[in-house]
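Undergrad: this one's structure only:
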């Protein structure tokens, strides 16, 4: 038998975990960027001056390491291979393509990292909120004992963020954030653009090495042959490793979106109580409606026409 709140219908119950209810410390900080935005004149261009930031030292280290790897690949591609090349057209075209994809990858990573993934407000499981939901007989309300919140259907509690996240797929340390309802688009774009620059960097490194060997290392690089070889080996290793990793992540994310099932739901083999959408509607529920070039832009906030309120009962 589960407890019933006073004032609720006789058939309405509230379910909580069997674990001891204890409100944990918040693992997220909301950073006010208002002063910076006002100084730079960008305050009118954004809807909110607060950004979401997870206070996890491991995630911060992984995120900074990701930026460093991107910058290392940028340095090798531009200063070891393209700029010393005597073929101006080849260098300009490849430089524009590579730098554009790198910029979009960093922008996607940043938006994934600093966007609220769909957190349920902590401590909203108050008597007033429960009464406001107007539960009927037979309805069940789930309450998270860790963050003391009304737990929506398909939401899961993240032990790092210390929040319940709507449609939580997983917590990714490489972006220092959960992947959930509102930032999954940016994470998918991040994996797509990292895969693109990884493939491009591997192609450029192999072609550059073949050309240098054919020219007996004359005029192919501003560095010595051993230094150039080391740069290229590390770039090849990085490109292959992250190219395979992001390709797998990109494919798994698209598969989860099309099947309307998150990674946690697949792992736990949860029986879906929700009405599944078609593949096309599932894609639009993540990338926005209607379809446009903005699907591929990390600067465009998708218009979610299928998002529901955070107050749920099942």
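TA: Now that the structure is in, tell me what you want to look at. The shown structure was predicted, so the numbers you read here are calculated from the model rather than taken from an experiment.
Undergrad: contacts only, for the residue at minimal distance from the centre of the chain.
TA: Nearest residue to the geometric centre of the chain (C-alpha atoms, centre = their mean): residue 187, 3.2 Å. If you count contacts by C-beta atoms under 8 Å, 6 or more residues apart in numbering, residue 187 has them with 108, 112, 172, 175, 179, 253. Backbone N, C-alpha and C define where each C-beta goes, glycine included.
Undergrad: so can I have JSON lines of those showing pLDDT?
TA: Listed next are the contacts of residue 187 as JSON lines, based on pLDDT from 0 to 100:
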{"residue": "108", "pLDDT": "97"}
{"residue": "112", "pLDDT": "96"}
{"residue": "172", "pLDDT": "95"}
{"residue": "175", "pLDDT": "96"}
{"residue": "179", "pLDDT": "95"}
{"residue": "253", "pLDDT": "95"}
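Undergrad: restricted to helices, list the residues you listed.
TA: 108, 112, 253 (DSSP state H).
Undergrad: closest to residue 216 among the residues you listed?
TA: residue 108 (41.1 Å; C-beta to C-beta).
Undergrad: could you measure from the closest one over to residue 224?
TA: Separation of residue 108 from residue 224 (C-beta to C-beta, to the nearest Å): 36 Å.
Undergrad: ok, these two, which is more surrounded?
TA: More neighbours surround residue 108 than the other of residue 108 and residue 224, with 26 against 10 (other C-beta atoms under 10 Å).
Undergrad: would you check that the more buried one makes contact with residue 193?
TA: Yes. Using C-beta atoms under 8 Å, residue 108 is in contact with residue 193, at 6.0 Å.
Undergrad: pull out the buried positions in the helix or strand where residue 265 lies.
TA: Per DSSP states H and E: residue 265 is located in helix 263-268. Residues of helix 263-268 classed as buried: 264-265 (neighbour count, 16 or more other C-beta atoms under 10 Å).
Undergrad: average pLDDT across that helix?
TA: In this model, helix 263-268 has a mean pLDDT of 81.
Undergrad: elements contacting it?
TA: Here helix 263-268 touches helix 225-258, going by 3 or more C-beta pairs under 8 Å, 6 or more residues apart in numbering; DSSP states H and E.
Undergrad: show me where this protein has strands.
TA: Secondary structure of the chain (DSSP state E): strands at 13-16, 28-32, 50-54, 140-144, 149-150, 156-158, 163-165, 170-172, 177-179.
Undergrad: so for residue 124, which of those strands sits nearest?
TA: Closest approach to residue 124 among the strands of the chain (C-beta to C-beta): strand 149-150, 5.1 Å.
Undergrad: what strands flank that closest one, and is each parallel or antiparallel?
TA: Next to strand 149-150 in the sheet, as set by DSSP bridges, lie strand 140-144 (antiparallel).
Undergrad: and the partner strand, how far out from the chain middle?
TA: Once both centres are worked out by C-alpha atoms, centre = their mean, to the nearest Å, strand 140-144 turns out to sit 27 Å from its chain's centre.
Undergrad: tell me the mean pLDDT for that strand?
TA: Mean pLDDT, computed over strand 140-144, is 76.
Undergrad: next one: stretch 74-91
TA: Taken as a whole, stretch 74-91 carries a mean pLDDT of 92.
Undergrad: circling back to that earlier point, just the ones in helices among the contacts of residue 187 now: which is nearest residue 64?
TA: residue 112 (14.6 Å).
Undergrad: count of neighbours near residue 84?
TA: When neighbours are counted by other C-beta under 10 Å, residue 84 registers 16.
Undergrad: so it is in contact with residue 218, correct?
TA: No. The criterion here is C-beta under 8 Å, and residue 84 misses it with residue 218 at 11.6 Å.
Undergrad: ok so, going back, hey, least reliable of the strands of the chain by pLDDT?
TA: Among the strands of the chain, strand 13-16 has the lowest mean pLDDT, at a mean of 54.
Undergrad: how much space between the residue of the chain most remote from its centre and residue 191?
TA: Distance from the centre of the chain peaks at residue 216, with 44.5 Å (C-alpha atoms, centre = their mean). Residue 216 sits 40 Å away from residue 191, going by C-beta to C-beta.
Undergrad: one more: residue 103?
TA: As judged by C-beta to C-beta, residue 103 and residue 191 stand 16 Å apart.
Undergrad: who has more neighbours out of these two?
TA: Each of residue 103 and residue 191 has its neighbours counted (other C-beta under 10 Å); residue 191 has more, 26 against 15.
Undergrad: thought the more buried one was touching residue 253?
TA: Yes. Look at residue 191 against residue 253 with C-beta under 8 Å: they come within range, at 6.7 Å.
Undergrad: hey, what's in contact with both of the two?
TA: Contacts common to residue 191 and residue 253, judged by C-beta under 8 Å, 6+ apart, are absent.
Undergrad: got the contact list for the residue nearest to residue 283 when sequence neighbours are not counted?
TA: Distance criterion C-beta to C-beta, 6 or more residues apart in numbering; nearest residue to residue 283, sequence neighbours excluded, is residue 257 at 6.1 Å. Listed by C-beta under 8 Å, 6+ apart, the contact partners of residue 257 are 184, 188, 282-283, 286.
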